[in-house]
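Q: what shape does this take:
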Amino acid sequence: MTAQELLQELGNVLGIKPQCGEAGTCRIFFDDDAVDFEAVDETFFLIAEVGSVPAGNREAVYARLLTANLFGAQTGGATLGLNEDKGIVVLHRALPLPSDYAPFEVALERFVKSLRYWKEWFALAASAPAAPSNEGAFVPGQGMMRV
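A: Model prediction:
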């Protein structure tokens, strides 16, 4: 499927008509969570802003992000990164264009679930004197096998 076909099918599922900009980038809201979709060649990129790095305890926050990124185990296969120009953390995932819609929907659901987890984590980090740990919390991909 092409990126346009995937977005049209997603629009059908959500009951909306996705509007893409001139550059081909589309933004779709899942409740209050904005996800940008961008296609480049045979790759479909999912991009979302997670939040600002809290002024205090930055080192602990960055350490937590690095730990989460390891093998994509705590990010649902996505990557957390810092957009230094904007001073925000971004969740990003590159997907090869699938041949049908179902695997795309699964990957998108996982991405949005991970986005919501990390937005909540950042909200807690911003209001806490120290960055919150992940102890006892759901972590996307937590069920992965450890060797």
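Q: okay, now the unreliable bits of the chain?
A: Applying pLDDT under 70 to the chain flags the ranges 128-147.
Q: show me the strands in it, by range?
A: For the chain, the strands defined by DSSP state E occupy 26-30, 33-40, 43-52, 79-83, 88-96.
Q: a markdown table for those strands, including mean neighbour count?
A: From N, CA and C alone the C-beta is placed, and that goes for glycine too. Formatted as a markdown table, those follow (neighbours: other Cβ atoms under 10 Å):
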| stretch | mean neighbour count |
| --- | --- |
| strand 26-30 | 16 |
| strand 33-40 | 16 |
| strand 43-52 | 18 |
| strand 79-83 | 15 |
| strand 88-96 | 18 |
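Q: Gln4: which of those is closest?
A: Proximity to Gln4 (Cβ to Cβ) singles out strand 33-40 among the strands of the chain, at 7.8 Å.
Q: for Leu95, which non-adjacent residue is spatially closest?
A: Phe44 (4.7 Å; Cβ to Cβ, 6 or more residues apart in numbering).
Q: about what we covered before: so can I have CSV of the strands of the chain showing distance to Gln4?
A: CSV is the format used below for the strands of the chain (distance: least, Cβ to Cβ, whole Å):
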stretch, distance to Gln4
strand 26-30, 9
strand 33-40, 8
strand 43-52, 10
strand 79-83, 25
strand 88-96, 15
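Q: nearest approach to Leu6 belongs to which of the ones you listed?
A: Nearest of the strands of the chain (Cβ to Cβ): strand 43-52, 6.8 Å.
Q: helices or strands next to the closest one in the packing?
A: Strand 43-52 sits against strand 33-40, strand 88-96, helix 101-127, with contacts defined as 3 or more Cβ pairs under 8 Å, 6 or more residues apart in numbering; DSSP states H and E.
Q: partners of the second one, with directions?
A: What it means is strand 88-96. Its sheet considered, strand 88-96 pairs with strand 43-52 (antiparallel), strand 79-83 (antiparallel) by DSSP bridges.
Q: the ones you listed into a markdown table, with extra columns for distance to Glu59?
A: Shown next, in a markdown table, are the strands paired with strand 88-96 (distance: least, Cβ to Cβ, whole Å):
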| stretch | distance to Glu59 |
| --- | --- |
| strand 43-52 | 16 |
| strand 79-83 | 13 |
